[in-house]
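> I would like to see how this sequence folds:
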Amino acid sequence: MILSRGPKLCNFVEWRGFKVVYKRYASLYFCMCINQEDNELEVLEIIHHYVEILDRYFGSAYYILDEVLIAGELQESSKKTVARLVATQDSLVEAAKEEANSISNIIAQATK
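Here you go, the predicted model:
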């Protein structure tokens, strides 16, 4: 029922006397079934909060998803290749952070 809904429709669906609140992130759907009296907007905020925590905890979750799927189709079936590509991406991010810190230190010392 949720998958067939258009992207511009609201994120609430009535189902068997309950409400289903859902939110799509990338190609993943996060859904919660709640009572009729519960606040849908609060549940949307809870879903968003949960996804942010997952993203911070796993860090490279979107990188992994991008390496495995493109437009909902399997792009790379090799787990080793995906792990290697994600590790390379993580290394690039760490190198960029270190370079940014070095530049910040140089600027801080120059302005003393």
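> kindly list the longest helix within the chain.
helix 79-110 (DSSP state H).
> and Ile47, how many neighbours?
19 (other C-beta atoms under 10 Å). C-beta coordinates here come from the backbone N, C-alpha and C atoms, glycine included.
> the one 3 residues further on too?
For Tyr50, the count of nearby residues is 13 (other C-beta under 10 Å).
> and it, what element?
Using DSSP states H and E, Tyr50 maps to helix 40-58.
> so which elements touch that helix?
Contacts defined by 3 or more C-beta pairs under 8 Å, 6 or more residues apart in numbering; DSSP states H and E place helix 40-58 against strand 18-25, strand 28-34, helix 61-68.
> tell me the angle the helix or strand bottoming out on mean pLDDT in the chain makes with strand 18-25.
Every helix and strand in the chain was compared by mean pLDDT, DSSP states H and E; the lowest is helix 61-68, with a mean of 72. Going by axes from the mean of the first three to the mean of the last three C-alpha atoms, to 10 degrees, helix 61-68 is angled at 70 degrees with respect to strand 18-25.
> which pLDDT value goes with Ser27?
Ser27 is assigned a pLDDT of 80 by the prediction.
> ok, it touching Leu65?
Yes. Between Ser27 and Leu65 there is a contact under C-beta atoms under 8 Å: 7.1 Å.
> the two - which one has more neighbours?
Each of Ser27 and Leu65 has its neighbours counted (other C-beta under 10 Å); Leu65 has more, 15 against 10.
> the more buried one: what's it in contact with?
By C-beta atoms under 8 Å, 6 or more residues apart in numbering, the residues touching Leu65 are 26-28.
> how close does it get to Asp90?
With distances taken as C-beta to C-beta, to the nearest Å, Leu65 is found 15 Å from Asp90.
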